[in-house]
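Participant: Here's a sequence, model it:
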Amino acid sequence: MIDKTVLCYIQKGDEYLLLYRNKKENDVNEGKYIGIGGHLENGETKEQALIREIKEETGLTLLHYQYRAKLLFVNDDYQEIMYLYTADKYSGELINCDEGELVWVNKDKMLELPHWEGDQYFLEKMMKNNNYFEMTLIYQKDKLIKVIDKIENGI
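Facilitator: Prediction:
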């Protein structure tokens, strides 16, 4: 079975809202800075999951968002389809997230923070332009071994 998830990078000026994963036990993302998101629930569309996950983890209500990419992650026997979004309008105030610390980070500093090795590839594309893209990131034992850009035919 393939997991399906959503991930969103909320933008405010030159900053993105990131989640520093430092609170959850046995967290595969522990110690990493990632976007906001989670798993789709049964019968839920990716947009419904996006809005729900953002509200649950940040307290914010998205008012404007854009579907940016479809990412396939393969790590040994695990497979995940991640629907990547950016958002630039929201309402509400940030809450304390039980999965980690919510921090606004300047986009020029994002790639300097601890993150998954493959995140570098999709974050660079995401921040460079607003075009939709598809990408496959293949890991073995959590080590990135191959990136396939579906539109540009390989990196």
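Participant: number of nearby residues for the closest residue to Pro114 other than its chain neighbours?
Facilitator: Nearest non-adjacent residue to Pro114, counting by Cβ to Cβ, 6 or more residues apart in numbering: Lys32, 5.2 Å away. Any C-beta I mention is one placed from the backbone N, CA and C, and that applies to glycine too. Counted by other Cβ atoms under 10 Å, the residues lying close to Lys32 total 18.
Participant: Test my guess that Lys32 contacts Asn22.
Facilitator: No - Lys32 is beyond contact range of Asn22, at 9.3 Å (criterion: Cβ atoms under 8 Å).
Participant: picking up where we left off before, next, work out how far apart the residue nearest to Pro114 and Lys23 are.
Facilitator: 13 Å (Cβ to Cβ, to the nearest Å).
Participant: cool, Asn75 as well?
Facilitator: 23 Å.
Participant: Those two: who's more crowded?
Facilitator: Asn75 (19 against 14).
Participant: Residues in a beta bridge with the more buried one, which ones?
Facilitator: Asn75 has these beta-bridge partners by DSSP bridges: Tyr78, Tyr139.
Participant: now this protein, which segments are flagged as low pLDDT?
Facilitator: 151-155 (pLDDT under 70).
Participant: what comes up buried for stretch 133-140?
Facilitator: Within stretch 133-140, the residues that count as buried by 16 or more other Cβ atoms under 10 Å are 133, 135-139.
Participant: if I pick Asp88, what's in contact with it?
Facilitator: 10-12, 64-65 (Cβ atoms under 8 Å, 6 or more residues apart in numbering).
Participant: go again using 10 Å as the cut-off
Facilitator: Shown in contact with Asp88 (Cβ atoms under 10 Å, 6 or more residues apart in numbering): 9-13, 62-66.
Participant: so which of those residues comes closest to Tyr121?
Facilitator: Tyr9 (14.4 Å; Cβ to Cβ).
Participant: The closest one: how many residues sit nearby?
Facilitator: When neighbours are counted by other Cβ under 10 Å, Tyr9 comes out with 24.
Participant: Secondary structure element holding it?
Facilitator: strand 3-12 (DSSP states H and E).
Participant: residue boundaries of the strands in the chain?
Facilitator: Applying DSSP state E to the chain gives strands spanning 3-12, 15-20, 33-34, 36-39, 61-75, 78-91, 101-106, 133-140, 143-149.
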